[in-house]
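A.B. asks: Mind looking at a prediction? Sequence and model below.
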Amino acid sequence: MAFSKIKPPVSVSVLILFALIMISLQLMSSATQESSELSAMYSWLLVVNGLGSVVLLGLVGANIYSLVKQLKKREAGSRLTTRMVSLFVLLALAPATIVFYFSMQFLHQGIDSWFNVEMDRAMEDALELSQSSLDQRMRWHLKQTQQLTQQLANSSETQAGLEMEILREQSGASEMTLFSRQGRIIASSNINPGDMLPSLPDEHIWLQLKQHADFAALAPVREDSLMIRIIVTVPARESEYLQALYPVPVRIADLADSVEFAFVRYQKMNFLRDSLKLSFSLALSLVLLMSLLAAIWVAFISIRNIVAPVKELVKGTQAVASGQYDQQLPVTAQDDLGFLVESFNEMTLRIARAHFETKMAGFEVENQRAYLETILANLTAGVISFDADYRIRTANQAAYRIFRIHVNQFVGHTFLELAEAHPELVEPLKSIQRLLEQADEIWQQRIAFLGANGRQELLCRGTPLFSQEGRRVGAVVVFDDVTDLIQAQKNAAWGEVARRLAHEIKNPLTPIQLSAERLQHKLASKLEATDAEMLQRSTRTIVQQVEAMKEMVDDFSEYAKPSKKQTADIDLPALVQEVLALYVLKSGVKFSADYETGPLIIKGDPVNIRQVLHNLIKNALEAIDVQGRIEINVHRVQKNNTDFIEISLYDDGPGIKEEQIEQIFEPYVTTKAKGTGLGLAIVKKIIEEHGGAIWVDASRKVGAGFIIQLPAI
Amino acid sequence: MFCRAALLSLFWLLIPCSGFCAEFSALVTDVTVSKQNQQYVISADIDYPLSTEAKLALKNGVPLYWILQIKVLQQRSWVWNKTLQAREIRYRIQYNALLNMYRVRNEDSGEISNFSSLSAALGLMSALRNLPVIDEAEIDPEQSYQIAIKATFDRDALPLPLRPIAYTNPQWFLSSDWTLWPLVK
C-alpha cells in the first residue's frame, strides 16, 4: 500500500534497490553451499553485503540527522514524520528481533544436534575397524611373504630370477622384487609385464628396514588405490630383501575409503562447528540488517511522501493565517490526503475571492469617499464636520480658504481652540460654536467679521448629527463667504440709487440754474442796489449749489455707470511714478516709494487704475498736514497659488477710526468735511472689476494704510 | 548489540593485516640463483611455521593450500618494475586419517607424496630445488633483475565457514611477504 503513495521514480529505485539486496543476499546464501560455484566468491559477497549495509546505514543515518535538524527547527510535519518513523521502526524491529533471536537459537541448536558422543565414537570405531581389517590383511600377507622367502633361501640369483614369477603368481602379489641391501635389484616380477621398473622403497622405508628386519605398510599407489607393501629379509641371504606389493581388494579398499571419507568429513564438520555457527549467524545478521535498514530507509521515503501533503497543508495554513490567501497546493494523490488538499485549495480560493471582493468593496468605498472628498474640496462653500465633542473631524479646502487657517491646524481642534490661536476669527468661530452647542435642528445665520482681508460676511448653515439611537454624534456646518455677493448687491443698489439720482435730480437742475440766472438777469437792473446784491448773492449760491449738485450727480452716475475697460498691460511702478510726479511738485509732502525688482505688470484699464491712485493719494494728502509723509510700496505676493501685485499706501495722518473701517468703502461714507464719499467706493469698485481686492491695513498703528492686490501677469 | 557486532566483524574484515600477522607467516630463506643449461634456476627454502589453529584444522581433515609465486622482475628507475616471468606452484597438504599420513600434492604436476609426519610433509613443500625461472637469452646484461618469491596461503580454498575467520584471525595469516633476491648474472 505504501508504494502507491511513492512517486514513480522513487518507487522504481526502491524496487531496484530491493531487487539488488535480494540478489546479493541470495548469492550469499547460495555461496554458503560448499558445492556451489559461488563458493569462491563468498568472501567478496560478504564484503559487498557488508558495504551495502554500511551504505544503507549511512542513508538511514542521513535521514535521521535530517529529521533531527527539522525537529530542532520545528519544521512543519517533522513531528508527524518522527512519530510515524518511530512507530514503523518499533513495529518492524520487534518481530524481526524476536525472529532473529529464535532463528539463532534454532541455528545453534540445529548445528549442535549434528554432533554427539555416540556419533564420535561410531566414527572412530568405524575408522579403527577399517584400520584393523587392513592391518590383519597386512599381517597375513607378511606371514605369506615370509613363507615365500623359504623357497628362495637356497636359490642362486639366477634361479631366484626364474622363481620370482612363480612366487608372485602363487602369492597373488601384483609385484615382487628381490633386491640387495644396497638397493640393487636382483630379480623382479610384475603382474603387468609392461612395468619393467619395480617400485623401490624410499629412504623412510630403508630407515625402518635397518631398525626392523621386516616392513609392512599400506601404501597409496595413486590417490584412490591402496597397496600393501611387504618387505622381508630373505633367510640365509642376509643382505637381500624380498618386496611384495599386494593389492587391497577393491571392495575393501572402497569400504575403507568410504569410512575414511565419512570420518574426515565428520571430523571436519566437528572442527568447523563454531565457525559454522559464526558464519551462519553472520549471514543471518547481514540479511536481517540489510532488510531492516532497507525497510527503514524506504519507510523514511514513504513517510516523507505521505507527510509531504500534510507539510504543505501546514505551511499553507500558516500562510493563510498570515494573510496570504492565494495558496494553491499541488494535489499529488487521489486519496484522503489528496481530498484534504483539494478541499484546502477550494477553501483558500474562496477566502481569496472573498478577500478580493472585500478589498474591491473597500476600494469602491474609498473611491466613493475620495469622490465625495473631491466634490467637497471643490465646493466653494466651506464644509466642516464635528464629532460629539465639537472637535473638527473633516474640513474641505474651501473652509481653509475662507478662514485662512492652515490645514494641519484645523482637524482635531475645536473652534474655541482655533479662536485662541487666531484672534481675528474670534467672533465668527465663537458664534458658530455657540450655535453648534445650542441648535437642535438645522440653523442658518449670517455672520460678519473683520478678517485679514477686510470685512467678511459668512452665511452659515448647520445641522446637528444624531445616531440611530438619537444620540448626538456631531454636527456639520456649511458656510459661504457671501462678502462679495452682498457687496455686489449693495453696489447694485447704490448704482440704482445713483442712476435715479442722475435721472431724477440732474434733469431739474439745469432749469433751476437757468431760472436763477434768468431771475438775476431780469431783476438785477430793476432792484435797488442792496436787493440786487442780495439777489446776485442768492443767485450765485443757487448756481454754485446746482453746480455742486451736478458734480455730485455726475459722481453718482460715474459710480453707477458700468465701466467700459480698455485693458492693456500696465507697468505699475511706472504708473505709480507717473502719478506721484504730479503731486511731488505741487505739495510739500514727502513721498517715498519702494518697488520690488523685476516686472510688476498687471492687465487693466490704465485710466481706471490711475484714478484709483489719484483718489487714494488725494485722500491721503487731505488727511495729513504739509509736513506729512506718504509711502507707497509695490510688491509681488503669492496667494492660493496665484501671483498678485500688492500696492500698499500708508500715510502718517490721524488714521481711520476702528468703527469706520467696516464701512469705509461704502458710498457716502466719509470722514472729511467736504466730498461726496464716493472716492473709496469708486476705488473699491474699480479694483474689484479688475479682479483684485482692497482693504484697510488694520495692523497699521500710525496713520492709515490701504492694501490693494491685483492679479499679476 | 547486533548491529555493533556486525559492524565490528566487518571492520576486522576490512582492515589490512600488517604487523601482527608475521608470527605464523611463511618465510622465504636461502635463495640461491644459479645457471644451468642456459637457464637461470633457483633454489630456496621456505619455512611454514603453522599456527596451532592451522595444525588443528589440518589434523581434522581440512586441506590447506599454498601457492608459491615466483616472479622475475626487471628493475627500472622511473616506472615500476617489469614482470618478465611469473610462475605459480600450488600445493595441497591434507591429513589421511585411515593411513595416519600427511599427503602433499603438487596441483600443477599432480605429484603426490605421503608422509608419516607433518614436518616431513612440510619439508617437501619447503625445499624448492633447481627450479628454472628464465632463459639466459632473455636477460640483458646491462639491466638488473630481481627474483621475487612469495608463499601465499589460499584462504579462499578453506571451507566456507572458516573464511571470515581466516580473514580476521592472525592464526590464519600464513602468507609470506614478497621476498626479493637479486639475480646475479
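C.D. replies: Yes, it's here. Note that the structure is a prediction, hence the values are computed from the model and not measured. Numbering: from 1, shown residues only, chains lettered A, B, ... in the order given.
A.B. asks: max-length strand in the chain?
C.D. replies: Just so you know, I chose chain A. Counting residues, the longest strand in chain A under DSSP state E turns out to be strand A:454-466.
A.B. asks: looking at chain B here, not the other one
C.D. replies: strand B:82-96.
A.B. asks: Next, find the distance separating the nearest residue to A:Leu38 once chain neighbours are set aside from A:Ser281.
C.D. replies: Among residues not flanking A:Leu38 along the chain, A:Ala31 sits closest, at 4.0 Å (C-beta to C-beta, 6 or more residues apart in numbering or on different chains). Where C-beta positions appear, they are placed from N, C-alpha and C, glycine not excepted. A:Ala31 sits 16 Å away from A:Ser281, taking C-beta to C-beta, to the nearest Å as the criterion.
A.B. asks: doesn't B:Asp156 make contact with the residue nearest to A:Leu38?
C.D. replies: No: using C-beta atoms under 8 Å, A:Ala31 makes no contact with B:Asp156, being 11.1 Å away.
A.B. asks: Can you check which residues contact both of these two?
C.D. replies: A:Tyr42 (C-beta atoms under 8 Å, 6 or more residues apart in numbering or on different chains).
A.B. asks: More neighbours: which of these two?
C.D. replies: A:Ala31 (22 against 15; other C-beta atoms under 10 Å in any protein chain shown).
A.B. asks: Pull the contacting residues for that one.
C.D. replies: So A:Ala31 contacts A:38-39, A:41-42, A:45, B:160 (C-beta under 8 Å, 6+ apart).
A.B. asks: sec struct for B:Val104, please.
C.D. replies: strand (DSSP: H, G, I helix; E, B strand; the rest coil).
A.B. asks: do you know how far it is from A:Ala236?
C.D. replies: From B:Val104 over to A:Ala236 (counting by C-beta to C-beta), the distance is 40 Å.
A.B. asks: These two - which one has more neighbours?
C.D. replies: Taking other C-beta under 10 Å, B:Val104 and A:Ala236 do not tie; B:Val104 has more neighbours (20 against 12).
A.B. asks: Surely that one touches B:Tyr95?
C.D. replies: No: contact criterion C-beta under 8 Å: B:Val104 and B:Tyr95 do not qualify, at 10.8 Å.
A.B. asks: about what we covered before: report all helices and strands that the longest strand of chain B contacts.
C.D. replies: helix B:52-59, strand B:64-74, strand B:101-106, helix B:118-126, strand B:127-135 (3 or more C-beta pairs under 8 Å, 6 or more residues apart in numbering or on different chains; DSSP states H and E).
A.B. asks: Compare the ones you listed and give me the one nearest A:Ala173.
C.D. replies: Shortest distance between A:Ala173 and the helices and strands packed on strand B:82-96, using C-beta to C-beta, is found for strand B:101-106: 22.2 Å.
A.B. asks: Can you pull out the low-pLDDT segments for chain B?
C.D. replies: Filtered on pLDDT under 70, chain B yields the residue ranges B:1-22, B:185.
A.B. asks: Distance of the residue nearest to the spatial centre of it relative to chain A?
C.D. replies: Central residue of chain B (C-alpha atoms, centre = their mean): B:Ala151, 1.4 Å from the mean position. Separation of B:Ala151 from chain A (C-beta to the nearest C-beta, to the nearest Å) stands at 20 Å.
A.B. asks: For B:Leu56, see how far away that residue is.
C.D. replies: 20 Å.
A.B. asks: For the stretch 601-713 of chain A, which residues score under the pLDDT cut-off?
C.D. replies: A:640, A:670-676.
A.B. asks: By proximity to chain B, which residue of it wins?
C.D. replies: With C-beta to the nearest C-beta, the shortest gap between the stretch 601-713 of chain A and chain B falls at A:Asn641, namely 87.3 Å.
A.B. asks: Now do the contacts for that residue.
C.D. replies: If you count contacts by C-beta under 8 Å, 6+ apart, A:Asn641 has none.
A.B. asks: Same question for A:Ser467.
C.D. replies: Applying C-beta under 8 Å, 6+ apart, the residues near A:Ser467 are A:Val473.
A.B. asks: who's in contact with A:Glu578?
C.D. replies: A:Glu578 neighbours (C-beta under 8 Å, 6+ apart): A:Arg610.
A.B. asks: so which helix or strand takes in it?
C.D. replies: For A:Glu578, the host element (DSSP states H and E) is helix A:572-586.
A.B. asks: nearest to A:Glu260, of the helices and strands packed on strand B:82-96?
C.D. replies: strand B:101-106 (11.2 Å).
A.B. asks: List the neighbouring strands of the closest one plus their orientation.
C.D. replies: If you go by DSSP bridges, strand B:101-106 pairs up with strand B:82-96 (antiparallel), strand B:112-115 (antiparallel).
A.B. asks: Need the ones you listed in CSV (columns: distance to A:Met290 and mean neighbour count).
C.D. replies: Output for the strands paired with strand B:101-106, formatted as CSV (distance: least, C-beta to C-beta, whole Å; neighbours: other C-beta atoms under 10 Å in any protein chain shown):
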stretch, distance to A:Met290, mean neighbour count
strand B:82-96, 35, 16
strand B:112-115, 44, 16
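A.B. asks: okay, now residue 119: neighbour count?
C.D. replies: Chain wasn't specified; assuming chain A. 12.
A.B. asks: not quite, I wanted chain B
C.D. replies: 11.
A.B. asks: Would you quantify the distance from it to chain A?
C.D. replies: 13 Å.
A.B. asks: Could you export stretch A:373-387 as CSV, CA atoms only?
C.D. replies: Provided in CSV are the C-alpha atoms of stretch A:373-387 (Å, rounded to 0.1, in the frame of the first residue of the first chain):
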residue,chain,number,x,y,z
GLU,A,373,-13.9,64.5,-0.8
THR,A,374,-13.1,65.8,-4.3
ILE,A,375,-16.6,67.2,-4.6
LEU,A,376,-16.4,68.7,-1.1
ALA,A,377,-12.9,70.0,-1.8
ASN,A,378,-14.0,71.7,-4.9
LEU,A,379,-17.1,73.2,-3.4
THR,A,380,-16.9,76.9,-3.0
ALA,A,381,-18.8,76.5,0.3
GLY,A,382,-16.8,75.5,3.3
VAL,A,383,-17.9,72.3,4.9
ILE,A,384,-16.8,71.2,8.4
SER,A,385,-17.9,68.2,10.3
PHE,A,386,-17.6,67.9,14.0
ASP,A,387,-17.6,65.0,16.4
